[in-house]
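# whatever this is, show me its structure:
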Amino acid sequence: MRKIQVGSEEVRRISELAKINVEDEKELETFAKQFEQIISYFEIIETVPEFESEADIKNVLRQDEIENSLSKEEVFLNLESGDDKGYFKGPKIR
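Next up, the predicted model:
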């Protein structure tokens, strides 16, 4: 596994993109070391072999069935206010 070197210029560029204020040289060095560790983790992950697996998945949903439903008049039958426009009135959102 090769060692990736992350310099202060890369850290400055990434911090600008992420809108993180990094000015101190010590902070730049800390971030550079952390980025190098993160990159090394990705390199370790890349060494894991890929494998194909067919999942034993079956559809657990039922087929849609057409059924009778309430008419528009039945839906609005129990409303307190007689709404002749055909929609429900909900609470105001502030």
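
# need the contact list for D56.
Going by Cβ atoms under 8 Å, 6 or more residues apart in numbering, D56 touches no other residue. (Glycine included, C-beta is placed from N, CA and C.)

# so which strand or helix has it?
Assessed by DSSP states H and E, D56 sits outside every helix and strand.

# go on, I44?
With DSSP H and E as criterion, I44 is part of helix 25-46.

# may I have that helix as CSV, with CA atoms only?
Taking C-alpha atoms only, helix 25-46 is exported to CSV below (Å, rounded to 0.1, in the frame of the first residue of the first chain):
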residue,chain,number,x,y,z
GLU,A,25,-0.2,26.0,10.2
LYS,A,26,-0.6,23.6,13.0
GLU,A,27,-4.3,23.1,12.0
LEU,A,28,-3.2,22.6,8.4
GLU,A,29,-0.8,19.8,9.5
THR,A,30,-3.5,18.2,11.6
PHE,A,31,-6.0,18.2,8.8
ALA,A,32,-3.4,16.9,6.4
LYS,A,33,-2.6,13.9,8.6
GLN,A,34,-6.3,13.2,9.1
PHE,A,35,-6.9,13.3,5.3
GLU,A,36,-4.0,10.9,4.8
GLN,A,37,-5.6,8.5,7.3
ILE,A,38,-9.0,8.7,5.6
ILE,A,39,-7.4,8.0,2.2
SER,A,40,-5.5,5.1,3.6
TYR,A,41,-8.8,3.6,4.9
PHE,A,42,-10.3,3.9,1.4
GLU,A,43,-7.2,2.1,0.0
ILE,A,44,-7.8,-0.7,2.6
ILE,A,45,-11.5,-0.9,1.5
GLU,A,46,-10.4,-1.2,-2.1
